[in-house]
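[1] Got a predicted model here, sequence first, then my questions.
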Amino acid sequence: MNVLARTATDDSPTRRTEAPSPEQRSPVIEVRSLTKVYDPKAGPVLDDVSLSVEKGSIHGIIGRSGAGKSTLVRCLNGLVSPTSGRIFVGGREITGLRGPTLRAARRDIAMIFQHFSLLSSRTAAGNVALPLEIAGVPKDLIHRKVPELLKLVGLGGKADSYPVELSGGQKQRVGIARALALEPSVLLSDEATSALDPETTEQILTLLADINRRTGISIVLITHEMDVVRQIADHVTVLEGGRIAETGPTFGVFAFPQSTVARSFLSSIVAHDLPEEVAARLQADASDATDPVLRITFTGASAHDPVVATLVERFGIRPNILHGRIDYIGGKPLGIMTLIAQGGEPRLPAVLSYLQSLGLHGEVIGHAVRSAAPGTR
Amino acid sequence: MLSDLLPPALVNLLLASLQQTVTMVAASAVLSTLIGLPLGILLVVTAPGQFLERPVFNKVLGTVVNLIRSTPFIILMVAIIPFTRLLAGTTVGTAAAIVPLTVAITPLYARLAEAAMREVDQSLIEAAESMGASPLQIIFKVLLPEALPGIVAGQTVTLVSLIGYSAMAGTVGGGGLGDLGIRFGYQRFMPEVMIAVVIVLVAIVQSVQMTGDLAARLVNHRIARSRRSR
C-alpha cells in the first residue's frame, strides 16, 4: 500500500522534499538515481539505483558479492562518494557534504560490520565509549551511558573484557552497543552476521529486531543470506550487477519472486523447485495417463485453511503431497505445497477456481505420468 | 671483582664512558621519538588511499627518509658537521654527538613506526570514519593505540641500533664505551678493556631488548590476558 503511494508521488520529487510529508511513515533514507563508477573501463558498480527506506523499518538489501551492496551502503554514510545521484538521510542531503558537516551527519548514521571492527586496544566499555568520545560527550556522561548500552545488548558483565576475550557473537553485540551510543536514527548493517554461526546469527538478528521495535531505529541490512532477510526485514531490495532487480515488502518478494535472481536466492529457503524424481516424469500436456502437479502458495490467514481435505471431499481428488513447508516471513506464514492431484485432470479448472476463491495462488506446474510404484495407492 | 681485573683508574674510565653512552643514547632516543613518530604518522596518513592522502608530499618525505637511511653513519656524521655546529654550538664532545645520532636514527624509527601503523586494519579506520571521527581523532584514538605494540617493538630496535651507532661517536669526540674500547683496548693493546667494554655493551643491549619485549607484550591486547601475563 505504502509502496504504491510512494510510486505515485515519486513523479514530483521536488515537491516531496520541500513540504514535510504529512504521512506518518515518511522515508528516512531516499536514494535517487545513484550511480558509482570506480573504473570507467569496468563499468558502473551501481547503476541508476533509486530506493527509499521507511522510517522505523528494517530494509534488507540482498545481492551476491560484487552486486554493489557494500558500495551502496557506504554511499549512505558518505564513506564512498557517488559519481552521480542524490542521497537523503533523515531529510538531509548527504551527497556533497564534506569535512565537519559530513562528520556531524555521520553521527546520525551508525554502522556495524562483518568483522566487528572493534579496537583491540580497548575493552568492551572502551569500544562503546569511542563514538561518544569522538562526538565530544562529557566524560561523566560517557561513564553513565556505557554500562547502560552494554546492558542493552546483554553484555553487562563484560565491560572490562578485551575483544580477544569475547566470542564472535559478543563482539558483534559490542559493535551494536557502540553503534547505538549516539542514538542514531539509522543503523547500517554490513553483513553483520556473515561471520557468525547460525545460532549466533539468530540471536543477533533477534537483538536487532528487538532494538528496532523498542527504539524505532531504521535498519538497513546488507546481506547475501536470504534467511537473514526472511527473519527480520519487512522490505527487501534485490541487487544484481549494480541494478535493482526487485524491491518490495519481504513477504511479497518471497511468495511471488519476479526476478530470476530473487528466485535463485529463495531456492535455499522456500521450495520453488520440484523433487528430481517427479521432475523426471513431468510433461507439459495432460493425457489420460497423467495427473496434474499443482503448486499451491498459501499466504497469510489462508495458510490455516483445510485445503487438502476440501480437495478430497469436494473434488474426489487423491492428493499425493510431494513437498510441503510453511515458512514464517517476518512472522507471517508462507506455505508452499506441491502435490500430484491424482484423478484431478478432468476437474482441474474447478480446482483452480476454488483455490482462487480462497485467495490462494494455484499453479499447474505440469503433468506427471502415473507411476505404478508401490506406496502410491 | 672488577677491581681485581682492571686497575681503579680504568674502572673509573669505564664508568665515565658508560655515562657518556647512556647520555648520548637516551638523549637521541627521546629526540628521535619526538621527531620520528610524527614523521611515521605523516608517512602513513598521506600515503595514497589514506585519509589524508597527499601523494607528492608522501613521495618527497619517503625519499628524504631513504636518503638519510642509506648514508653510512660515519659519513653522515662528518657530512652534517655544519648542522651540528648550528644546533650544539660545537662539533666535538658528547653533546655534539647527539645531533648526528638523532639525525641518523630518526628515519629508522619513523619507518618502523610507519610499518607498525600500516598493520592497523583499514576497516578500523573506516569504522572510526563512519562514527564521524576527524583525522586527528583517527590518529590518536585508533592508529596510535592500535599500533602501540609494534611501535614499542620498533622503539626497542631503535635503541639497540643507537647503542651500536654511539660506539662510532668517538670519531667526533663523543666518548662513550665504543670509543674507550678502541682507544684503550685496540690502540693501547689492552684486551681486558676491550673485553670489559664488550661485556657491558652486551649487558645493556640484553636488558634493553628484554624490557622492550616485556613492554610490547603488556600493551598488546590482541593476545588473551592469561597468555600475556606469562
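    That came in fine, so what should we check first?

[2] what about the closest residue to chain B within the stretch 151-300 of chain A, neighbour count?
    Nearest residue of the stretch 151-300 of chain A to chain B (Cβ to the nearest Cβ) works out as A:Y162 at 4.5 Å. C-beta here means a position set from N, CA and C on the backbone, and glycine is covered the same way. Neighbour count of A:Y162, defined by other Cβ atoms under 10 Å in any protein chain shown: 22.

[3] I'd assumed A:T123 was in contact with it.
    Yes - here A:Y162 lies in contact with A:T123, judged by Cβ atoms under 8 Å, at a distance of 5.6 Å.

[4] which ones are touching the residue of the stretch 151-300 of chain A closest to chain B?
    Shown in contact with A:Y162 (Cβ atoms under 8 Å, 6 or more residues apart in numbering or on different chains): A:S120, A:R122, A:T123, A:A124, B:H221, B:A224, B:R225.

[5] again with A:G344
    Counted by Cβ under 8 Å, 6+ apart, A:G344 has contacts A:D291, A:P292, A:L294, A:F315, A:I317, A:V351.

[6] which other helices and strands contact the host helix or strand of the third one?
    A:L294 is part of strand A:290-299 when elements are defined by DSSP states H and E. Contact here means 3 or more Cβ pairs under 8 Å, 6 or more residues apart in numbering or on different chains; DSSP states H and E; on that basis strand A:290-299 packs against helix A:250-255, strand A:318-329, strand A:332-342, helix A:348-357, strand A:361-369.

[7] B:V172 is nearest to which of these?
    Nearest to B:V172 among the helices and strands packed on strand A:290-299 is helix A:250-255 (76.7 Å), distances taken as Cβ to Cβ.

[8] Can you name the element that comes right after the closest one?
    helix A:260-266.

[9] Identify the residues contacting the next helix or strand after that next one?
    Toward the C-terminal end, the helix or strand that comes next after helix A:260-266 (DSSP H and E) is helix A:276-280. Helix A:276-280 is touched from outside by A:V293, A:L322, A:T338, A:I340, A:A368, with contacts defined as Cβ under 8 Å, 6+ apart.

[10] picking that back up, could I get the contacts of A:G344 in a markdown table, plus columns for pLDDT and distance to B:V11?
    Listed next are the contacts of A:G344 as a markdown table, based on pLDDT from 0 to 100; distance: Cβ to Cβ, whole Å:
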| residue | pLDDT | distance to B:V11 |
| --- | --- | --- |
| A:D291 | 86 | 109 |
| A:P292 | 87 | 108 |
| A:L294 | 85 | 104 |
| A:F315 | 85 | 114 |
| A:I317 | 85 | 111 |
| A:V351 | 86 | 110 |
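
[11] now, the most widely separated pair of the residues you listed?
    Within the contacts of A:G344, A:D291 and A:F315 form the most distant pair, 12.7 Å apart (Cβ to Cβ).

[12] higher neighbour count, those two?
    Of the pair A:D291 and A:F315, A:D291 is the one with more neighbours under other Cβ under 10 Å, namely 23 against 18.

[13] and the more buried one, bridged to which residues?
    Assessed by DSSP bridges, A:D291 has beta-bridge partners A:A368.

[14] For it, which residues are in contact?
    Contacts of A:D291 (Cβ under 8 Å, 6+ apart): A:N320, A:I340, A:A341, A:Q342, A:G343, A:G344, A:E345, A:H367, A:A368, A:R370.

[15] check contacts around the last one.
    If I follow you right, that is A:R370. A:A289, A:T290, A:D291, A:Q342.

[16] out of the residues you listed, which is most surrounded?
    A:D291 (23 neighbours).

[17] and A:V164, what is it in contact with?
    A:S120, B:H221, B:R222, B:I223, B:A224.

[18] Just give the closest residue to A:R263, not the sequence neighbours.
    Distances taken as Cβ to Cβ, 6 or more residues apart in numbering or on different chains put A:P257 closest to A:R263, at 4.7 Å, once the chain neighbours are dropped.

[19] What ranges does the stretch 101-250 of chain A have for its helices?
    Taking DSSP state H, counting those that start in this stretch, the helices of the stretch 101-250 of chain A run over residues A:124-134, A:139-152, A:168-180, A:198-215, A:226-232, A:250-255.

[20] between these, which one is nearest to B:S134?
    The nearest among the helices of the stretch 101-250 of chain A, by Cβ to Cβ, is helix A:124-134 at 7.9 Å.

[21] hang on, the earlier thing: make a markdown table out of the contacts of A:V164 and add pLDDT.
    Putting the contacts of A:V164 into a markdown table (pLDDT from 0 to 100) gives the following:
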| residue | pLDDT |
| --- | --- |
| A:S120 | 95 |
| B:H221 | 91 |
| B:R222 | 87 |
| B:I223 | 81 |
| B:A224 | 73 |
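
[22] which among those residues end up buried?
    Restricting the contacts of A:V164 to buried positions leaves A:S120, B:H221, with burial counted as 16 or more other Cβ atoms under 10 Å in any protein chain shown.

[23] Quick one: name the residues of the stretch 1-150 of chain A near chain B.
    With the criterion set to Cβ under 8 Å from any Cβ of the partner chain, the stretch 1-150 of chain A comes near chain B through A:77, A:79, A:100, A:102-107, A:109-111, A:113, A:115, A:117, A:119-122, A:130-131, A:133-135.
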